[in-house]
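A.B. asks: here you go, sequence then predicted model.
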Amino acid sequence: MADDRTIMGIFSDEETTLSAVRALKETPWSIENVMSPIPSREIADELSTKPSRVGYFTLAGGIIGFFTGFALSAYTALQWQLVVSGKPIVALVPFFIVGFEFTILFAVFGNVVGLILKMKLPDYRGLADHDSRCTGACFCVVAVCPVSDEQKLLNFLKNSGADTRILS
Amino acid sequence: MSENANPLTFGDIDRRVLATLAPASRGYWAAVGLLAFGVLIGAGCWAYQIAAGVGVAGMNNPVAWGTYLINFVFWVGIAHSGTLISAILHLMRASWRNPIVRAAETMTVFAVCVAGLFPFIHLGRVWMVYYMLSIPNQRNLWQNFQSPLMFDVLAISTYLTVSTLFWYTGMLPDLAVVRDRSTGKKKKIFTIISLGWTGAQEQWRHYTRAYLFFAALATPLVISVHSVASWDFTLGVVPGWHSTIFAPYFVAGAIHSGLSMVLTLMIPMRRIFNYEKIITIDVLENVAKAIIFTGFIVAFAYGTEFFMAWYSQNPVELEVFRNRPFGDYAAGFWIMAVCNTILPVVFFFRFARRSLSILFMVSILVNIGMWFERFVIIVTSVSRDFIPHAWGLYAPTWVEFGIMIGSFSLFFFLFVLFVKHLPSVSMTEMKEMLGKRGGHGG
């Protein structure tokens, strides 16, 4: 919003970031984003992020894959009913192996599709305000406050041990 | 150790890895040129084979499977330890693998690419490859999915797809690090391929979960791939092939050779790029310990094969297993036995596990041994089939040697290009390892 200020605090380590996030939650200002060079369970817990649902895509892919693999083998065998080594035309054991390979393949496709959809990738818009330090050695907290509180938030972040940057 | 005297920081890791992406020296391009020449030799030999027919290779009746399938199994095997390191050790939370995970994953992708060429080369009439794909045609002909060869087509193509996606996904945060520290055309390229990664918690939330699923899916896949490769042999009734131990035997052998290739690649890379503080001697020591373990499994499998031949008292099996250590290919058998089972025992000694020259030498010798293992399995079995008057011998021709030189050159060519153009160490996973130990700062 036009009446809001978005300010980034850049911290040198995870512990300081975590303390700042905890303290920010006690203020009237809101945390818009936290960027880090490594995944942090502590920060995620503090932000109360829910578990990712990528797994549903993976599971769906796996199930579709198994039946696709099995159906493809059965269909192709039925099109040209050639008996091999006395085995049944629709042979369960070898077709299970085909089903297994397709399960893994489609589950991975599901995983990638889930990742792309959930992370909304590729998304280059976030790079406009991106600070290169946030992928390197630093942890970045983006907080939003009313314009009138700009100085207070800047001081708050500085006192928490951060370098600051006004984004908008 | 002096290499552990000053602990690394996040900034150190970035600086060291990004330094490897600096413009290359003339020596580097000379090495690339030499390897490209090797690739051209292989391509030329393959082109000659396509023009003249597969008869220019040494394969004959009864030895219809020669170096093309030996190299196929060898390169699939090399690929396996990359997945072991990236997926299985990830699930086991073995953080010592973090410094070598990227290079091992890359090794997997390139080794599967090289392996995937050999069925095409072996086909002879390579343009008939579409018969292996489910493409409807007017004669309503389809593949036979009851054949282990079709399992292999599926397994290898799945493995290549999965390992490539796993490799790229794992690299995403590191590509963003390179993007943020480069300029000009390089920045543009890395901006596109890093897909807008910023390290936001929302991204990490989905990424870590997806990465875990990748690892969980790659683990059964890697075991299935070499099991399926072993069924190419065991589902035939050829003496020396028709054995129930082949699947675990092949998987263990694959990891044995792959771990050795990891050492073969990591030791020079560590030296050339000054990675001593990242790829520490402790990491290499752990790989050496794993080689002892896989070496013993392989030794047990060799012993079991002989035991089963003796226990069955089947004269055909007995002849095949007498022929291996004492017949026409005895040299290959003894190279296999000594390099794969006896030499790795040296790693019981700590000084050997921590000596770069011993690690490097043994890793190369184990790979030579593992190549001969595939030679012994494939060639000695079919050359001594059921009927003595149908026995025969096989020797590779210059065309096969040329293609083999091409395959090794292609693998190292791709790897050498990779190490100078993409981050060869996973900066993110190194930082995670450091984060757990409490190291930070820039």
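C.D. replies: Everything's here; your move. Numbering: from 1, shown residues only, chains lettered A, B, ... in the order given.
A.B. asks: the residue most distant from the middle of chain B, which is it?
C.D. replies: Distance from the C-alpha centroid of chain B, by CA atoms, centre = their mean, peaks at B:Q138 (39.2 Å).
A.B. asks: quick one: A:V142 is in a strand?
C.D. replies: Yes - with DSSP: H, G, I helix; E, B strand; the rest coil as the criterion, A:V142 is located in a strand.
A.B. asks: around chain A, which positions in the stretch 151-300 of chain B sit nearby?
C.D. replies: Selection of the stretch 151-300 of chain B residues close to chain A by CB under 8 Å from any CB of the partner chain yields B:151, B:154-155, B:158, B:161-162, B:165-166, B:169, B:173, B:176-177, B:179-181, B:191-192, B:195-210, B:213-214, B:217, B:220-221, B:224, B:228. C-beta here means a position set from N, CA and C on the backbone, and glycine is covered the same way.
A.B. asks: for the top helix by length along chain A, name the packing helices and strands.
C.D. replies: When chain A is parsed with DSSP state H, its longest helix is helix A:92-119. Secondary-structure packing of helix A:92-119 (3 or more CB pairs under 8 Å, 6 or more residues apart in numbering or on different chains; DSSP states H and E): helix A:54-79, helix B:148-180, helix B:201-234.
A.B. asks: mind showing which ranges of the chain have poor pLDDT?
C.D. replies: Using chain A. Within chain A, the stretches with pLDDT under 70 are A:1-2.
A.B. asks: think we crossed wires, I meant chain B
C.D. replies: Using pLDDT under 70, chain B drops low at B:1-6, B:436-442.
A.B. asks: just to revisit the earlier point, if any of the residues of the stretch 151-300 of chain B next to chain A are buried, put those into a ChimeraX selection.
C.D. replies: The ChimeraX selection below is limited to those of these classed as buried (16 or more other CB atoms under 10 Å in any protein chain shown):
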select /B:151,154,155,158,161,162,165,166,169,173,176,177,179,180,181,191,195,196,197,198,199,200,201,202,203,204,205,206,207,209,210,213,214,217,221,224,228
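A.B. asks: wait, what's in contact with the residue nearest the centre of chain A?
C.D. replies: By CA atoms, centre = their mean, chain A has its centre lying nearest to A:M119, at 5.2 Å. By CB atoms under 8 Å, 6 or more residues apart in numbering or on different chains, the contact set of A:M119 is B:202-203, B:206-207.
A.B. asks: and what of B:A395?
C.D. replies: Contacts of B:A395 by CB under 8 Å, 6+ apart are B:G58.
A.B. asks: ramachandran coordinates for it?
C.D. replies: In terms of degrees, to the nearest 10, the main-chain angles of B:A395 are phi -140, psi 140.
A.B. asks: the one 10 residues further on too?
C.D. replies: For B:I405, the backbone dihedrals are phi -60, psi -40 (criterion: degrees, to the nearest 10).
A.B. asks: and for it, the neighbour number?
C.D. replies: 16 (other CB atoms under 10 Å in any protein chain shown).
A.B. asks: now the angle between helix B:148-180 and the longest helix of chain A, please.
C.D. replies: 10 degrees (axes from the mean of the first three to the mean of the last three CA atoms, to 10 degrees).
A.B. asks: any idea of the angle helix A:92-119 forms with helix B:201-234?
C.D. replies: Going by the same axes, to 10 degrees, helix A:92-119 makes 160 degrees with helix B:201-234.
A.B. asks: pull the distance from helix A:92-119 to the chain's centre.
C.D. replies: 19 Å (CA atoms, centre = their mean, to the nearest Å).
A.B. asks: stretch B:189-200 now?
C.D. replies: That offset, for stretch B:189-200, works out to 29 Å (CA atoms, centre = their mean).
A.B. asks: over to stretch B:65-83?
C.D. replies: 7 Å.
A.B. asks: please see if it touches chain A.
C.D. replies: No - on the criterion CB under 8 Å from any CB, stretch B:65-83 is out of touch with chain A, staying 11.9 Å away.
A.B. asks: hang on, the earlier thing: just the angle between the longest helix of chain A and helix A:54-79, please?
C.D. replies: Using the same axes, to 10 degrees: helix A:92-119 against helix A:54-79 is 140 degrees.
A.B. asks: quick check: domain ranges of chain A?
C.D. replies: A:4-37+A:136-166, A:54-119 (automatic domain parsing).
A.B. asks: do you know which of the ones you listed lies nearest B:E319?
C.D. replies: When the domains of chain A are ranked by proximity to B:E319, the top entry is domain A:54-119, at 25.4 Å, counting by CB to CB.
A.B. asks: ends of that closest one, how far apart?
C.D. replies: 10 Å (CA to CA, to the nearest Å).
A.B. asks: and for stretch B:343-360?
C.D. replies: 12 Å.
A.B. asks: go on, stretch A:3-22?
C.D. replies: 25 Å.
A.B. asks: need the residue closest to the centroid of chain B.
C.D. replies: B:I78 (1.9 Å).
A.B. asks: got a list of what that residue touches?
C.D. replies: B:107, B:111, B:115, B:254, B:257-258, B:261, B:367, B:411.
A.B. asks: buried subset of these?
C.D. replies: B:107, B:111, B:115, B:254, B:257-258, B:261, B:367, B:411.
A.B. asks: now, the most widely separated pair of these?
C.D. replies: Among those, the pair separated by the greatest distance (CB to CB) is B:A254 and B:F411, which sit 15.5 Å apart.
A.B. asks: what about the residue farthest from the centre of chain B, is that helix, strand or coil?
C.D. replies: coil.
A.B. asks: and it, how close does it get to A:T103?
C.D. replies: 32 Å (CB to CB, to the nearest Å).
A.B. asks: ditto for B:L8
C.D. replies: Taking CB to CB, one finds B:L8 at 40 Å from A:T103.
A.B. asks: could you pull up the residues touching A:D131?
C.D. replies: A:D131 neighbours (CB under 8 Å, 6+ apart): A:8, A:10, A:35, A:138, A:140, A:165.
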